[in-house]
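Curious how this folds, go ahead:
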Amino acid sequence: MAVYVDDMRASYGRMLMCHMIADTDEELHAMAARIGVARKWHQAPPKHSSHYDIALSKRAIAVQAGAVEITWKQAGAMNARRRVTGALGSPADAVDWLVERVASKRRAA
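Sure, this is the predicted structure:
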């Protein structure tokens, strides 16, 4: 089980933000509490995949606390896989999984 932080750099006021995702909501909320992010900032289904947008200062604390650094592309692919399979899976093969899934859907169409 793991918590992940991506390398997105989106502006929100004066802050730069990234995504924090996890294998389970319990892990995600525990990390958010540990790094000082209020539960009210949790974004959840059906509008979003379960995640927090966190400031880069909180990202650094999360990494020190054991969060795994991933790319924005990996985070998106992992969330896509969770919507299909119910699990994020490994960041190492997430992008390849998504590319193959899209290709197989096109072949089937």
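
Paired strands for the helix or strand containing residue 4, with orientation please.
If you go by DSSP states H and E, residue 4 is part of strand 3-5. According to DSSP bridges, strand 3-5 has the following sheet partners: strand 15-22 (antiparallel), strand 68-69 (parallel).

would you turn those strands into CSV with mean neighbour count, distance to residue 5 and mean pLDDT?
For glycine as for every other residue, the C-beta is placed from the backbone atoms N, C-alpha and C. Output for these, formatted as CSV (neighbours: other Cβ atoms under 10 Å; distance: least, Cβ to Cβ, whole Å; pLDDT from 0 to 100):
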stretch, mean neighbour count, distance to residue 5, mean pLDDT
strand 15-22, 21, 5, 98
strand 68-69, 14, 6, 98
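
could you point out which element follows the strand holding residue 4?
Per DSSP H and E, the first helix or strand lying C-terminal to strand 3-5 is strand 10-12.

Check what contacts that next one and list those residues.
16-18, 53, 55 (Cβ atoms under 8 Å, 6 or more residues apart in numbering).

in stretch 74-86, what's buried?
The neighbour-count check on stretch 74-86 (16 or more other Cβ atoms under 10 Å) flags 74-82 as buried.

for stretch 26-46, same thing?
27-29, 31-32, 35, 37, 42.
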